[in-house]
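Asks: Quick check, what structure comes out for this input:
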Amino acid sequence: MWADRTKTLWIVAALLAGCQAAPQLIVPPGDGTTEPARAIGPGQAEADFDEAVAMTARGEYDAALSPFRRALAGYDAFGPAQRAAECLFWLGFCHEKLQRRTEAEAHYRQLLTHYAAYRAARLAEARLLRMQAHPVAPEPLPLTPDTAPGP
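Replies: You can find the predicted model right below:
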């Protein structure tokens, strides 16, 4: 929480002081990869978002997660909020396609909590309802003497 306020105050102070450089945010990959941290500004967030959407269209759901996360960090810092909402939707969608139901639900719920006014929230709500209507079958128990069918 304090880090967000400090970041915002820094950006506002730089803008009020007449700073000519576009504000940037250093974003670690956060996905367990060896990818280095990158500076994200408003333009880079849009480029990452476009890249991730293209990957998603090609079915490269796992690869799209990292650029969606970077774009989300940029949109959280610089806006627009509608794009942050869209990033959360697409993160949930990619996790859903990767059979990572818990992560998908978490992104959809975060979207509903923070960006309920946007169309992406209505789409996320529909996806959550669909997921609830089609629960995942429990994993079968491994065959052991205790679980093997009896005579």
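Asks: and the nearest residue to H107 once chain neighbours are set aside, what does it touch?
Replies: Spatial nearest neighbour of H107, excluding adjacent residues (C-beta to C-beta, 6 or more residues apart in numbering): G92 at 3.5 Å. Backbone N, C-alpha and C define where each C-beta goes, glycine included. By C-beta atoms under 8 Å, 6 or more residues apart in numbering, the contact list for G92 reads 103-108, 111, 124, 127.
Asks: Kindly report the same for R83.
Replies: Per C-beta under 8 Å, 6+ apart, neighbours of R83: 45-46, 49, 71, 75.
Asks: rerun at 10 Å
Replies: By C-beta atoms under 10 Å, 6 or more residues apart in numbering, the residues touching R83 are 42, 45-46, 49, 71-72, 74-76, 118, 120.
Asks: how close does it sit to A116?
Replies: Separation of R83 from A116 (C-beta to C-beta, to the nearest Å): 16 Å.
Asks: Also G43?
Replies: For G43, the distance to A116 equals 28 Å [C-beta to C-beta].
Asks: In JSON lines, list the contacts of R83 along with secondary structure.
Replies: Below are the contacts of R83 laid out as JSON lines (DSSP: H, G, I helix; E, B strand; the rest coil):
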{"residue": "P42", "secondary structure": "helix"}
{"residue": "A45", "secondary structure": "helix"}
{"residue": "E46", "secondary structure": "helix"}
{"residue": "F49", "secondary structure": "helix"}
{"residue": "A71", "secondary structure": "helix"}
{"residue": "L72", "secondary structure": "helix"}
{"residue": "G74", "secondary structure": "helix"}
{"residue": "Y75", "secondary structure": "helix"}
{"residue": "D76", "secondary structure": "helix"}
{"residue": "Y118", "secondary structure": "coil"}
{"residue": "A120", "secondary structure": "helix"}
